[in-house]
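Enquirer: sequence first, then the predicted structure:
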Amino acid sequence: MKAKKLILGVLMLNAFGASAQILTGDSFAKYDIDKYDGKSDHKHQYAEAAVALKSRFELDKNDQHSYSIVIDCAGMDKDKIYDNISGWFTKTFGDKNSSIKTNEKESGTLVANTTLKNVVTFPHQIVSVNMIVKINIKDGKLRLVQTIKDYAINVETKWAPKKCYPFYDEQDALRKKIGASAYVASCVFAEIIEKQLNEEVKPKAQVKDNDDDW
């Protein structure tokens, strides 16, 4: 019976991992962005939030927008840091909306392409965000770099973030809303990934086993 329960649990976990997405359109629509737009009204002023977040992602050498942080991992060598986060990385970016490009313990490099699928929806406009997540590990620290590659409008049309609001002052109201919403969604995703990674990199506490029937 225990073996059957274990197998069922593994199958359920694999099924969840195969279809999970960190940020969906529904979850983004429910996300409280008051801390970004500066208004405590629980409404979604994406343009104001996008302006407030504008400094988070910077234009990089590839003409894309990247957000980089260094996480302190004092007391851990490179291999230990990798061991702590590799399972999370594989589960997070092993779904149908992502592809892992690099996962090397020796070099301490993990890279994935991921798509925030249909994260923003407007009349006749469905928006996805294509991003790159890269982690570099050294003894005692790691660097997380998240890059917005482009916004995909109705799948086939790609918009460069640097030509969208808030980095470009749009005159067209709908295009401004789309750009602002897609950018805020990217920032929310980056915040979630950073938070999860901070949790995963912490040394795991050992649990005392008092149950002979484990």
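Expert: Looks like it arrived, so ask away.
Enquirer: buried sites along the helix or strand encompassing residue 179?
Expert: In the assignment (DSSP states H and E), residue 179 maps to helix 173-201. Going by neighbour count (16 or more other C-beta atoms under 10 Å), the buried part of helix 173-201 is 175-191, 193, 197, 200-201. Where C-beta positions appear, they are placed from N, C-alpha and C, glycine not excepted.
Enquirer: now do stretch 122-140
Expert: Buried, per 16+ other C-beta under 10 Å, within stretch 122-140: 127, 128, 129, 130, 131, 132, 133, 134, 135, 136, 137.
Enquirer: partner strands of the host helix or strand of the third one, with direction?
Expert: Same thing as residue 129. For residue 129, the host element (DSSP H and E) is strand 125-138. If you go by DSSP bridges, strand 125-138 pairs up with strand 109-122 (antiparallel), strand 141-153 (antiparallel).
Enquirer: how about low-confidence regions in the chain?
Expert: By pLDDT under 70, the weakly predicted segments of the chain are 1-20, 37-44, 204-214.
Enquirer: redo the buried residues of stretch 122-140 as JSON lines? Include distance to residue 25.
Expert: Shown next, in JSON lines, are the buried residues of stretch 122-140 (distance: C-beta to C-beta, whole Å):
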{"residue": "127", "distance to residue 25": "9"}
{"residue": "128", "distance to residue 25": "10"}
{"residue": "129", "distance to residue 25": "11"}
{"residue": "130", "distance to residue 25": "15"}
{"residue": "131", "distance to residue 25": "16"}
{"residue": "132", "distance to residue 25": "21"}
{"residue": "133", "distance to residue 25": "20"}
{"residue": "134", "distance to residue 25": "25"}
{"residue": "135", "distance to residue 25": "26"}
{"residue": "136", "distance to residue 25": "31"}
{"residue": "137", "distance to residue 25": "33"}
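Enquirer: isn't residue 53 right up against residue 185?
Expert: No. Counting by C-beta atoms under 8 Å, residue 53 sits too far from residue 185 to count as a contact (10.7 Å).
Enquirer: give me the neighbour count for residue 148.
Expert: Using other C-beta atoms under 10 Å, residue 148 has 27 neighbouring residues.
Enquirer: out of the strands paired with strand 125-138, nearest to residue 70?
Expert: The minimum distance between residue 70 and the strands paired with strand 125-138 falls on strand 141-153, with 5.1 Å, by C-beta to C-beta.
Enquirer: of the strands paired with strand 125-138, which is nearest residue 159?
Expert: Nearest of these to residue 159, taken as C-beta to C-beta: strand 141-153 at 4.4 Å.
Enquirer: relative to the whole chain's centre, how far out is the closest one?
Expert: 8 Å (C-alpha atoms, centre = their mean, to the nearest Å).
Enquirer: next SSE downstream of that strand?
Expert: strand 157-159.
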